[in-house]
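K.L.:
Predicted structure and sequence below. I'll ask about it afterward.
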Amino acid sequence: MQYHSPNTFEDAAALAVAAAGVTRFLAGGTDVLVQLRADIITPDTVIDIKNIPGVRDITRHDDGSWTLGVATSGAEMREHVELGLDWPGVVEAMDLIGSTQVQGRATLVGNLCNGSPAADSVPAMVTAGVEFSVTNSEGTRRVAVMDIPAGPGRTHLAQGDVISAVHIPARGARGGDAYLRFIPRTEMDIAVVGCAINLALDAAGVITQASVSLGAVAPTVLRLDEAAEALIGCTLDEATLDKLATAASAACNPISDKRGTIEFRTHVAGVLAKRTAKIAYARAQGVTK
Amino acid sequence: MALDDHKTTGFKFIGTRPDRPDGLDKVTGRALFGADAQAPGMLHGAIVRSPHAHARILRIDTTAAEALEGVKAVVTRADFATGLSGEFGFVLENVMAGDRALYDGHAVAAVAASSALIARDAAKLVQVDYEILPHVTDVDAAMVDDAPVLNDTYADATVPAGLHPNVVRYHESGHGDVEAGFAAADLIVEDSFKTEATHQGYIEPHACLATLGADGKGELWCTTQGHWIAQKTCAALVGIDTSQLRVTASEIGGGFGGKTTVFIEPVALALSRKANRPVKIVMNRSEVFRATGPTSSTSMDVKIGMMKDGTITAAQGVFRLQGGAFPGAPMEFSAMCAFAPYNLENVKQVGYDVISNRPKQAAYRAPGAPMASFAVESVIDDLCKQLGLDPIDTRLKNAAREGTKASYGPRFQRIGLVETLEAAKAHPHYTAPLKPGQGRGVSCGFWFNHGGETSVSLALSEDGTCQISVGTPDIGGSRASMALMAAEVLGIAYENFRVTVADTATLGYNDVSHGSRVTYASGLATIKAAQDAVAKLCKRAAAKWGIPEDAVYWEDGFAKPSGANAGNFDPIPLAEITKDMGSTGGPISGHFEATPEGAGVSFGTHIVDAEVDPETGKTAVVRYTVIQDAGKAIHPTYVEGQFQGGAAQGIGWALNEEYVYGEDGRLQNSIFLDYRVPVASDLPMIDTVIVEVPNPGHPYGVRGVGETGIVPPLAAIANAVSAAAGVRLRHLPMSPPRILRALRAQASEG
Amino acid sequence: MKTIHVTATVNGDTVEYLCDPRETLLDVLRDRLNLTGAKEGCGTGDCGACSVTVDGRLVCSCLILGVEAEGKTITTVEGMADGETLHPLQKKFIEYAALQCGICTPGILVAAKSLLEKNPDPTETEVRYWLAGNLCRCTGYDKIIRAVLDTAADMREAS
């Protein structure tokens, strides 16, 4: 196994292009090392991107949008008070991954690129409208979250593509997001179902924008556009919540495995959608943080 | 000499809570566990394991592995002893497969290399050709007529004719006439239950460092609950004399029964002999799950008849235990413990030991008892509910007492079940209000406890301090308990003792640290060894005073003349006798070797409150109280720790821990991510009540406390969850999908 | 196999070592630096027995490559006591019997110390969630949680 520690994303991309065999970029390493240790994937080349300047910066731009360095850990996100006020759902989704120890290392980009359908931060990034800078030998382009996952363990990124920044939109007025997952224990599990919802309200509390996403119920993260559409124009009354739950369950295309059954995942997706919506709505109203 | 052989009150040291002697080492990181040893010239071993549940091994080609730079030895079954039978034969077959791989993870070869990474690489280069055979992993499926046959020679003479060859042992016991008892009942509840296999889950993986020469002399350092059993098993498996192998037990990072046998140790010895270098093997977590001791999974039927007043008229149970690919599932313990808490006129219990394509089961804290208790105590709970009876009053009405003929045969001596039930009833937990969505469950539990072969040696130093050598690895603070008991006998302070777990070369045979036997048996032996030393101390004092030995007695650390007739002498302190011992007759030591058989049985009663989320089936344990008879708590803090640890493991077993096998017979969840032991945020504080009903079989009344604590939780939690959810849960673990399915099935039935 | 030269600070001492890129920081600590206090319970970041701090941040040393430690400051359980004076958590763990077998203890002590440095007055729930990545199979956590809470109280009083 070759280990490289370049100082620019361009160099990182060039190293990846030149590498033969299996290449892994190393940010937090909390998935790469597990796979290495368990003999699931032993990369031929590991490219550590943590020595590139700025990879742990959290920046709020004048327009209210955010840029996060790709090696920013979950713990660093959680400790950033303003980020948590703007995007509590994104922060809590990241925070749910693994232990305190894992939080000291794990990153949004790693969670995405690991390609797990159950990745906690991915539904929250989907509903927040997160985009990534992707750098390769031809330059840097912007890619939306939904365009990256290709299936369990796979992404649409090419050899030589390296994610170089995380962009979170401006929060905007009267908005709120939330993420809930179901796990059998209180901590340390992989999501059996994950649900993120991002809402914006008008002054009367009517939902004007909505985004709903589910994790762990299909080969890749789901964005539920019809369920979101059904929320728009409503306050969060019981009938709306029931419609949301039905739509969430209907969208599921899960498998039965050691973590949960098809029946369980489908039912709990609806339960979580309701609960998540209530939290997001309260946050959008400014009732809770 | 006058010594109180039995003493249950008036202790000076027993019952205090001093710091443990290994505390400093363990909080500073310098305590040496299995994987912490190294030796000059040491190689690292790695094991090649079968990816198949059942396969014939056609050929093993080690050429490529041997050609890798740094590889020093490769072993297969051909490098081990031949002609072994009985348990040694099973263990050999388990640690290194012969002509067939019998489960996913079964060892088929091993390599030793100059680094751990090279060893891992080399293991991948060992080419094994398999012919895949049909497999079975479920206990019920393994018993049906067309189930794949694992081995048609394992069944012993106890098995009735006509059963599948996978049924390898059979047990039946009881007394009275159960049919007549059922006929007299006002209500009969009959139900079926299943429990999935769980793992002991010790945090320290198996690890060892072995040296063996062509001269047949060896050294073995390993993490084990019993180094003498490791000594004789390893010696047999590699074909050397037992006494030529010296085994040293490392500090042990948890065992719970799972480190009572050997896995990698004989393999490291075989590799070492072949390479002529020390070899260290450390399992990874996945190997621990795939190839070491899970419990049995079970399938059980229980039928109990009760009168309206709560009197049980008859009880019967059938307990089928799958124990992996070899005989030994503890089905007779399931059967014998199932109804042991109750005074029953009519009782019958049947057990089946069934083999399947899973790893060889190993003991796990009260092996066999928790599952049986789950089934029995669930049925009792249902009977109480249907008859409108209080669950504790009903258990008290039927409780076994001194003189009761136990369901498994003997008459109980003095026991403390009633005392635990009365303490439970009086505990504020039992009457505390419950919130909506919560339910409360109670259960009793029983474990035999064990004596076992035991040797202890105790030596006094010139300065009046004392060193004690015991042979039972310390898995929960037993060195402190031994020092307390010796302090009580010798009458000198706890701080004067150093207790060491001796290696196999420096002490006689000791049975494993299992069966809740250490504080009982090593404790008894320590007391007897200390008394032996006291007798010698008194003899020296008698010689000095020129009076008969029996005119001297020992009190509070002093030799004293036994009365006016003995003479008027100033008491002599221990340190004064030892100071001159070299010139008054030589070193003063105490010894004891025996197989004590008075381990008092133990009972406990648990109360638990659980809260169930009706929309997701997720359970939270919100309050937990353990009440158990300890006979006499030598170090009460450590007794509490055993109670709490047993309850926590029981909570894991009840709610989320299980072995999940795929259709392909492979274990699906061989890491802690998916084998879900309770984490800190899953549990409440665990309240404890120590009941002390002295065991007549121990000088100070000790009963072992380690195992009973895991017997009641499964049923207590199942009863709490069933109360909270409003539906009976019959399959462990009660994971959210199982609870939700039960809730929805009930809802759809209306 | 090509090894890489690394310089780091471990428990206040500058150390240099050569390691294979596949070796974890835990492998390096245990096998190359003879610091066997950190334990490997799982190798997958699920048990916390290998907990150390890297540049002040609590991490699992099994989830970091040895080569990543270049220039970093690492503290292990061996660095907790000040000479013969134990850290208050170490004292309290012995006093409360917050350990039975002791294999998880080094990781739990490092994690608990890290918590108290960030939050000197944690609630029981905060302690339980902070330590959720540190498995203990012996104690049921009860005495561990009490030891951490009471140490925090003692340290607040002393400061």
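P.N.:
Looks like it arrived, so ask away. These figures come from a predicted structure and were not determined experimentally. Residues are numbered from 1 along each chain as shown, chains lettered A, B, ... in the order given.
K.L.:
Mind telling me what element the residue in chain C that chain A sits nearest to is part of?
P.N.:
Of all residues in chain C, C:G133 sits closest to chain A, at 2.1 Å by C-beta to the nearest C-beta. The C-beta positions use only the backbone N, C-alpha and C, and glycine is treated the same way. C:G133 belongs to no helix or strand when assigned by DSSP states H and E.
K.L.:
Leaving out the residues flanking it, which one is nearest to it?
P.N.:
Distances taken as C-beta to C-beta, 6 or more residues apart in numbering or on different chains place A:S99 nearest to C:G133, at 2.1 Å, with adjacent residues excluded.
K.L.:
Ok, A:P53 next?
P.N.:
Nearest non-adjacent residue to A:P53, counting by C-beta to C-beta, 6+ apart: A:N7, 7.2 Å away.
K.L.:
Check B:L68 too.
P.N.:
Nearest residue to B:L68, sequence neighbours excluded (C-beta to C-beta, 6+ apart): B:A122, at 4.9 Å.
K.L.:
I'd like to know which elements the host helix or strand of that neighbour is packed against.
P.N.:
Using DSSP H and E, B:A122 sits in helix B:116-125. Helix B:116-125 sits against strand B:43-49, helix B:63-67, strand B:71-75, strand B:107-113, with contacts defined as 3 or more C-beta pairs under 8 Å, 6 or more residues apart in numbering or on different chains; DSSP states H and E.
K.L.:
CA atoms of that helix as PDB?
P.N.:
Extracted in PDB, the C-alpha atoms of helix B:116-125 (Å, rounded to 0.1, in the frame of the first residue of the first chain):
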ATOM      1  CA  ALA B 116       1.600  -9.600  11.900                       C
ATOM      2  CA  LEU B 117       1.000  -8.100   8.500                       C
ATOM      3  CA  ILE B 118       3.100 -10.700   6.700                       C
ATOM      4  CA  ALA B 119       1.200 -13.400   8.600                       C
ATOM      5  CA  ARG B 120      -2.100 -12.000   7.400                       C
ATOM      6  CA  ASP B 121      -0.900 -11.800   3.900                       C
ATOM      7  CA  ALA B 122       0.400 -15.300   4.000                       C
ATOM      8  CA  ALA B 123      -2.900 -16.700   5.400                       C
ATOM      9  CA  LYS B 124      -4.600 -15.300   2.300                       C
ATOM     10  CA  LEU B 125      -2.100 -17.200   0.100                       C
END
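K.L.:
Where does the residue nearest the centre of chain C fall, secondary structure wise?
P.N.:
Closest residue to the average C-alpha location of chain C: C:V110 at 3.1 Å, with C-alpha atoms, centre = their mean. With elements taken from DSSP H and E, the one containing C:V110 is helix C:105-118.
K.L.:
Can that helix be said to contact chain A?
P.N.:
Yes: Helix C:105-118 is in contact with chain A by C-beta under 8 Å from any C-beta of the partner chain, via C:A111, C:S114, C:L115.
K.L.:
close enough to count as contact, the last one and C:V127?
P.N.:
Same thing as C:L115. Yes: counting by C-beta atoms under 8 Å, C:V127 is a contact partner of C:L115 at 6.8 Å.
K.L.:
quick one on the thing from earlier: could you export the residues of helix C:105-118 next to chain A to a markdown table, including columns for neighbour count, pLDDT and distance to chain B?
P.N.:
Formatted as a markdown table, those follow (neighbours: other C-beta atoms under 10 Å in any protein chain shown; pLDDT from 0 to 100; distance: C-beta to the nearest C-beta, whole Å):
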| residue | neighbour count | pLDDT | distance to chain B |
| --- | --- | --- | --- |
| C:A111 | 27 | 98 | 10 |
| C:S114 | 22 | 98 | 15 |
| C:L115 | 21 | 98 | 12 |
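K.L.:
packing partners for the longest helix belonging to chain C?
P.N.:
When chain C is parsed with DSSP state H, its longest helix is helix C:142-158. In terms of contacts (3+ C-beta pairs under 8 Å, 6+ apart), helix C:142-158 is packed against helix B:636-655, helix C:88-95, helix C:105-118, helix C:124-130.
K.L.:
what's near enough to touch the spatially most central residue of chain A?
P.N.:
Chain A has A:V122 as the residue nearest its centroid, 2.1 Å off, counting by C-alpha atoms, centre = their mean. Neighbouring residues of A:V122 by C-beta atoms under 8 Å, 6 or more residues apart in numbering or on different chains: A:N111, A:L112, A:V145, A:P149, A:S213, A:G215, A:V221.
K.L.:
Using the record's domain definitions, break chain A down for me.
P.N.:
Split into domains by automatic domain parsing, chain A comes to A:2-116+A:131-168, A:175-285.
K.L.:
List, one by one, the residues from the stretch 251-400 of chain B near chain C.
P.N.:
B:E251, B:I252, B:G253, B:G254, B:G255, B:F256, B:V282, B:N284, B:R285.
K.L.:
Run through chain C and note the low-pLDDT ranges.
P.N.:
Chain C contains residues with pLDDT under 70 at C:1.
K.L.:
Could you list the residues of it in contact with chain A?
P.N.:
C:4, C:20-22, C:24, C:43-46, C:48, C:51, C:54, C:57-60, C:62-65, C:67-68, C:70, C:111, C:114-115, C:129-134.
K.L.:
residue contacts, residue 47?
P.N.:
Unless you meant another one, I'm taking chain A. By C-beta under 8 Å, 6+ apart, the contact list for A:I47 reads A:H4, A:S5, A:P6, A:A12, A:L15, A:A16, A:A19, A:T23, A:R24, A:F25, A:L26, A:V162.
K.L.:
Chain C is the one I meant
P.N.:
B:I203, B:R285, B:F672, C:G41, C:C104, C:G107, C:G133, C:N134, C:L135.
K.L.:
ranking the residues you listed by neighbours, who comes first?
P.N.:
When neighbours are counted by other C-beta atoms under 10 Å in any protein chain shown, C:G107 leads the contacts of C:C47 with 32 neighbours.
K.L.:
how much space is there between that one and C:L58?
P.N.:
From C:G107 across to C:L58, the span is 10 Å (C-beta to C-beta, to the nearest Å).
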